[in-house]
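> Prediction below, plus the sequence it came from.
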Amino acid sequence: MPAAKAQALFRGLLMVDADAAADAAALERITLWALTIYSPIVAVDGIDGIVMDTEGADHLQGGELPMVTKIANQFLSRKLTARVSVADTWGAAHACARATNKETVIVPVGEAVRAVERLPISLLRLPEKIVGDLRTLGFQSIGELSNTPRAPLALRFGPEISRRLDQMFGRVSEPIEPIRAAELIEVTRSFAEPIGAAETINKYVGRLVVQLIEALQKKGLGVRRADLIVDKVDGRRQAIRAGTVKPSRDVAWLTKLFRDRTERIEPGFGIERLTLIAIIAEPLEELQKSSSLVGEEVTDVSPLIDIYGNRGHRVYRLAPLASDVPERSVQRISAAANPVEVSWVHHWRRPVRLLVRPELIDVIALMPDHPPVAVTWRGKRRKVKRADGPERIFGEWWQRNSEMEAVRDYFVVEDESGERLWVFRAGDGVDPETGSRRWFCHGIFA
């Protein structure tokens, strides 16, 4: 709306001039970030979005729903609102992401037509003049436009409308031209005659790996994540991603990682080009292996971690973190990360299993310092036979203002069957400012 009208509606509205160049640069940075995490094929989509081909890559994130949820949450953590949509085609996903107020939308396979038929024609990625002329003629929705005979539309507006409709409904392919940074190292092999046999594909993949390793070695780098882009004669693209837990220049191992997944390639009418790209490369120094006379040989489990990681499993290690709050005292680190110097220092025992989040329980206890005499957890009432505590843990005021006066009193309780639980009361039992006085179960002892 005009600036004057907006200022009349909202008193004290702050007006900032748009910077199209800065917005475009930021969008390109986001696209390159998504390239390293979510998909080998990512491109800028207009002035306000990115498009990704996640087929074959979503399993690395646990599936479509966990993937789109993670994307939305990562933007929210940076105070950015994103609309994430998954559909059969680029056009359908583009329209659904911009037509909804929901953070995530997943269009079932084969349901693209039903998902977009009631959406406005402005989401068809047509020039503004064509959209304006179509509205003058009475067209409002994509469904109305798709049900109109093509010949009169093509005679007046040209082939653009038919092309966009066919792309949205999947009748015509619309390959995504992936973004590439200048520093990315890639090698390509084009074929005069299309290839399709599995043995031939594996042979040339092996040759590309050798070329890529040679290029990385010249720069003193090792590959952490590599993408194989398959260009087919019908204009479609397919991508395969393989990663390693630490930088590597092992030709045999990288070749095996890709050959284990080339069976997923669908050559169709043939493959005309293969491209291998080092999406993530890190410095790698050649280390001399120690002799058995000098020291003990350490078993390298990196290959096992690579296998699980490329199957979509999330492999990580748990390490201590300096915090008195139990759920904050643990962090996830890379499975191949260097040992962490920090260690857990506690004067009280800690449970072998910490619950994902504290669970509300019913407790009978004498306030403020006495341990529980009975606990009801998950529908089961337990009579406490022995108890130890309280261990008082104070809130971390530097994390949140609400923890300025917050405390927790933890108890170890043992029921009649011998099961031991780690429970706590929110607050000191006297001052309501310190907590709600409700009880929670936070862990289970061995």
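Now that the structure is in, tell me what you want to look at.
> Count the residues that sit near the residue lying closest to G435 once chain neighbours are set aside.
Taking CB to CB, 6 or more residues apart in numbering, and ignoring the residues beside it in sequence, G435 has G427 as its nearest neighbour in space, at 2.5 Å. (Glycine included, C-beta is placed from N, CA and C.) Residues lying near G427 (other CB atoms under 10 Å) number 21.
> for G427, phi and psi?
Backbone torsions for G427, taken as degrees, to the nearest 10, come to phi 110, psi 170.
> Quick one: residues contacting the closest residue to E174 other than its chain neighbours.
Leaving aside its sequence neighbours, E174 sits nearest to Q167 (CB to CB, 6+ apart; 4.4 Å). Contact partners of Q167, counting by CB atoms under 8 Å, 6 or more residues apart in numbering, are T89, W90, G91, S173, E174.
> farthest-separated two in these?
Farthest apart among the contacts of Q167 by CB to CB are G91 and S173. That separation is 11.4 Å.
> Extract the residue ranges of this protein that are flagged as low pLDDT.
60, 286-298, 345-346 (pLDDT under 70).
> and it, what are its domains?
18-168, 185-283, 315-345, 353-444 (automatic domain parsing).
> Tell me which of those sits nearest to D306.
The closest of those to D306 is domain 185-283. By CB to CB, the value is 5.1 Å.
> measure the closest one end to end?
Between the opening and closing residues of domain 185-283 there is a gap of 14 Å (CA to CA, to the nearest Å).
> Could you check how many residues crowd around E341?
Neighbourhood size, E341 [other CB under 10 Å]: 7.
> That one: what's it in contact with?
Per CB under 8 Å, 6+ apart, neighbours of E341: none.
> Secondary structure element holding it?
Assessed by DSSP states H and E, E341 sits outside every helix and strand.
> the strands in the stretch 301-446 of the chain, which residues?
Ranges of strands in the stretch 301-446 of the chain, per DSSP state E, counting those that start in this stretch, are 316-320, 330-334, 353-365, 372-377, 380-394, 407-415, 420-426, 439-444.
> Next, format these as a markdown table and append mean neighbour count and distance to V209.
Below are the strands of the stretch 301-446 of the chain laid out as a markdown table (neighbours: other CB atoms under 10 Å; distance: least, CB to CB, whole Å):
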| stretch | mean neighbour count | distance to V209 |
| --- | --- | --- |
| strand 316-320 | 14 | 27 |
| strand 330-334 | 13 | 23 |
| strand 353-365 | 14 | 41 |
| strand 372-377 | 18 | 54 |
| strand 380-394 | 15 | 52 |
| strand 407-415 | 21 | 54 |
| strand 420-426 | 23 | 50 |
| strand 439-444 | 20 | 47 |
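> out of those strands, nearest to P108?
Among those, the nearest to P108 by CB to CB is strand 353-365 (29.9 Å).
> Give me the helices and strands touching that closest one, please.
strand 372-377, strand 420-426, strand 439-444 (3 or more CB pairs under 8 Å, 6 or more residues apart in numbering; DSSP states H and E).
> want to throw those into a markdown table with distance to R163?
Compiled in a markdown table, the helices and strands packed on strand 353-365 are given as follows (distance: least, CB to CB, whole Å):
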| stretch | distance to R163 |
| --- | --- |
| strand 372-377 | 62 |
| strand 420-426 | 61 |
| strand 439-444 | 59 |
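> what about the ones you listed, which gets the closest to D58?
strand 439-444 (33.8 Å).
> The closest one pairs with which strands?
In the sheet, strand 439-444 lines up against strand 353-365 (antiparallel), strand 420-426 (antiparallel) (DSSP bridges).
> List the buried residues for stretch 63-81?
Buried residues in stretch 63-81, counted by 16 or more other CB atoms under 10 Å: M67, V68, T69, K70, I71, A72, F75.
> Quickly note the distance from the third one to E177.
When distances are taken as CB to CB, to the nearest Å, T69 and E177 turn out to be 28 Å apart.
> now swap in R317 and tell me
38 Å.
> Could you do P371 as well?
In terms of CB to CB, P371 sits 66 Å off from E177.
> of those two, who's got more company?
Legend: neighbour count by other CB under 10 Å for P371 and E177, higher for P371 (19 against 9).
> Confirm that S190 sits in a strand.
Yes - looking at S190 with DSSP: H, G, I helix; E, B strand; the rest coil, it is inside a strand.
> show me what contacts L76?
By CB under 8 Å, 6+ apart, L76 lies in contact with A82.
> and it, how far is that from R350?
According to CB to CB, L76 stands 32 Å off from R350.
> and if you look at D415?
To R350, D415 is 19 Å away according to CB to CB.
> One more: F169?
With distances taken as CB to CB, F169 is found 57 Å from R350.
> Equivalent analysis for W253, please.
Going from W253 to R350 by CB to CB gives 39 Å.
> likewise E144?
For E144, the distance to R350 - CB to CB - is 64 Å.
> likewise P175?
Separation of P175 from R350 (CB to CB) stands at 54 Å.
> relative to its centroid, which residue of the chain is most remote?
L366 (47.0 Å; CA atoms, centre = their mean).
> Disregarding flanking residues, what is the spatial nearest neighbour of it?
Spatial nearest neighbour of L366, chain neighbours left out: V373 (7.8 Å); criterion: CB to CB, 6+ apart.
> Next one: that neighbour from D415, what distance?
Per CB to CB, V373 is found 11 Å from D415.
> shared neighbours, those two?
K383, V384.
> how about the helices in the protein?
3-9, 20-37, 64-77, 90-99, 112-116, 128-136, 142-146, 150-157, 160-168, 198-218, 251-259, 302-310 (DSSP state H).
> So which of F169 and R350 has more stuff around it?
Using other CB under 10 Å, the more surrounded residue of F169 and R350 is F169, with 18 against 14.
> This completes my enquiry, with thanks.
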